[in-house]
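# sequence below, structure please.
(one chain, ligands or ions: 1)
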Amino acid sequence: MTTKEINELAADRRQFLKTSGLLTGSALLAQLPLGLSAAPRFGAHSSVDDTIKVALIGCGGRGRGAAMQALNTKQNIKIVAIADAFQDRVDIAYKTLTSRQDAAQKIDLPKERQFVGLDAYKQAIALADVVILATPPGFRPSHFEEAVKQSKHIFMEKPVATDAPGIRRVLAAAEEAKKKKLNVVVGLQRHYQSNYREAIKRIHDGAIGDIVGGSVYWISGGVWVNPRKPDQTEMEYQLRNWYYFNWLCGDHITEQHVHNIDVANWVKRGYPVSAQGTGGRQVRTGKEYGEIFDHHTVDFVYADGTTINSQCRHYEGTYSKVDEQFLGTKGRIDSFNGNKTILKGYKGQPIYAHGSAKTDIDPYQVEHNELFEAIAKGQYKFADAENGAKSTMTSILGRMATYSGNLIKWDDAINSQISLFPDQLAWDAKPKILPNADGFYPVAVPGKTVTV
Ligand SMILES: NC(=O)c1ccc[n+]([C@@H]2O[C@H](COP(=O)([O-])OP(=O)(O)OC[C@H]3O[C@@H](n4cnc5c(N)ncnc54)[C@H](O)[C@@H]3O)[C@@H](O)[C@H]2O)c1
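Numbering: from 1, shown residues only. Presented below is the predicted three-dimensional model:
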């Protein structure tokens, strides 16, 4: 390496540490003489060691899982704050994290750093170098904005919003994160799964020719219901049952199926220009299921005219398939399941076969391994938010199509001014969607419902 290159690299690293808020003042000065081979020191509040401080926002199943994956990384991390809307969820997270006896040194969660409430995220974010955002996706735009404003590195779960105004906020904050060189990983973990990475690299290199069609699926059973309790406000009821309300969840086409839709975008190296589709509530019609549909099927049309069909449904006791398949001009790919992927020609001749599950690391772990390694090394490597937002937008485009029954154009969808978020966020405030006297919520009616 030449002296010029070394100086440039050192300047880059100084800028990274400065802009990412990880080193300031005397810590930054102390860092400079260490030379390029030494690991950068970390901690906005610690200038004496290399601890990377982590805050968990949203203490549910995925948040606790992500925190565990952060603990499994090789870096010197410490979980210093947790936050949730509800005390019982904070308590479960505290119990789960402190039960990891092998990681006892990495948990530092006194009562005063366990935050509860709808604004709790702000205080937790302030204490960390890296934040894990794992609440229901309706809150992601405001939490992501805050984390970027406070110059934190970020792991945020998918989806990243539930409506177009939310998407636009995430896109704007993503630009800001890039300027500040904040690493942002989005939990679309197929991007961190080696059979997807290897196969899609080859598809992009032309192994099966141009992609001219495909189908993506999330057809499975449904999820949990938390029965209404007499002392709950409507706001608490909806938060406890966030899956069934679009301002919080986006419907399952967004909440789950975004994974497969995102793979279609990845393979096509772009986002659809329009969508049309059909959906409704066939088997899951009770009032406990809020306003979401139980099935959607959508044709997404890309700029080159390719149509990718998407299917998602929640029917208990039926055939299941969570997968993607694509047709190219020279060959096809029938499945990514089980960490196996085979690209083949139309006469069955093998083009590429990716190995077995045994050799691949769990992608949920890979996301954290790669993120924390980059942060520890002072590297700016991950800017997933823009794609996360545009793939989430694709799923919202699909919902707009099935709810309205109309052909919806991408440009109209992403510019939609329809905001699903409540005008006021408080336990006694009213969400925009409310039950009728019998407890049923209004449900979209294709042909009548307006979505853009
Ligand atoms: N990548 C994946 O494969 C994957 C898997 C599961 C879940 N997820 C995503 O993770 C997110 C969370 O899902 P989950 O299954 O953990 O749900 P969950 O209900 O188990 O957890 C969500 C938590 O967020 C809390 N919360 C709600 N509003 C909050 C607020 N305003 N501030 C702070 N906390 C708040 C809830 O009380 C709850 O504890 C969702 O976006 C989901 O799509 C991703």
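# how about stretch 252-270: buried residues?
When burial is assessed from 16 or more other C-beta atoms under 10 Å, stretch 252-270 yields the following buried residues: 252-268. Backbone N, C-alpha and C define where each C-beta goes, glycine included.
# revised request: answer the last question for stretch 87-105.
Residues of stretch 87-105 classed as buried: 89, 90, 92, 93, 94, 96, 97, 103 (neighbour count, 16+ other C-beta under 10 Å).
# also stretch 401-414?
For stretch 401-414, by 16+ other C-beta under 10 Å, it's 401, 402, 403, 404, 405, 406, 408, 409, 410, 413, 414.
# near the ligand, which of the buried residues of stretch 87-105 show up?
The subset of those within reach of the ligand, by C-beta under 6 Å from any ligand atom, is residue 89.
# tell me which two of the buried residues of stretch 401-414 sit farthest apart.
Largest separation among those by C-beta to C-beta: 405 and 414, giving 19.8 Å.
# now residue 238: closest residue in space that isn't a chain neighbour?
Using C-beta to C-beta, 6 or more residues apart in numbering and skipping residues adjacent in sequence, the residue nearest residue 238 is residue 245, 4.9 Å away.
# residues contacting whichever residue of the stretch 301-450 of the chain sits closest to the ligand?
Here the stretch 301-450 of the chain gets closest to the ligand at one residue, residue 364, 7.1 Å apart by C-beta to the nearest ligand atom. Contacts for residue 364 (C-beta atoms under 8 Å, 6 or more residues apart in numbering) come out as 65, 66, 69, 187, 189, 192.
# any low-confidence regions in the chain?
By pLDDT under 70, the low-scoring segments of the chain are 1-48, 356-359.
# so how far is residue 107 from the residue of the stretch 251-400 of the chain found nearest the ligand?
Across the stretch 251-400 of the chain, the shortest distance to the ligand (C-beta to the nearest ligand atom) belongs to residue 255, at 5.0 Å. Distance of residue 255 to residue 107, given as C-beta to C-beta, to the nearest Å: 29 Å.
# contact partners for the residue positioned nearest the centre of the chain?
Geometric centre of the chain, nearest residue: residue 158, 1.8 Å, by C-alpha atoms, centre = their mean. Contacts for residue 158 were tallied using C-beta under 8 Å, 6+ apart; they are 137, 186, 187, 188, 258, 259, 262, 388, 391, 392.
# just checking, the fourth one touches residue 384?
Yes: the pair formed by residue 188 and residue 384 meets the contact definition of C-beta atoms under 8 Å, at 7.3 Å.
# now residue 430. Nearest residue, chain neighbours left out?
residue 234 (6.3 Å).
# surely the one you found touches residue 427?
No: applying C-beta under 8 Å as the test, residue 234 and residue 427 come out as separate, 9.5 Å apart.
# these two - which one has more neighbours?
Between residue 234 and residue 427, counted using other C-beta atoms under 10 Å, residue 234 has the larger neighbour count: 16 against 13.
# for the more buried one, give me its contacts.
430, 431, 434, 435.
# quick one: the third one and residue 441 touch, right?
It stands for residue 434. Yes: at 7.4 Å, residue 434 counts as touching residue 441 under the criterion of C-beta under 8 Å.
# hang on, the earlier thing: element containing the residue of the stretch 301-450 of the chain closest to the ligand?
Taking DSSP states H and E as the criterion, residue 364 maps to helix 363-376.
# what's the following helix or strand after that helix?
Next in sequence after helix 363-376, counting helices and strands by DSSP H and E, comes helix 385-404.
# residues of the protein that sit close to the ligand?
Residues of the chain lying near the ligand by C-beta under 6 Å from any ligand atom: 57-63, 83-86, 89, 118, 120-121, 134-137, 139, 157-158, 187, 189, 239, 255.
# is there a quick PyMOL command that grabs whichever of those residues are buried?
Here is the PyMOL selection string for the buried members of the residues of the chain next to the ligand, based on 16+ other C-beta under 10 Å:
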select buried, resi 57+58+59+60+62+63+83+84+85+86+89+120+121+134+135+136+137+139+157+158+187+189+239+255
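# can you name the residues that contact residue 401?
Residue 401 neighbours (C-beta under 8 Å, 6+ apart): 275, 276, 277, 298, 407, 408, 451.
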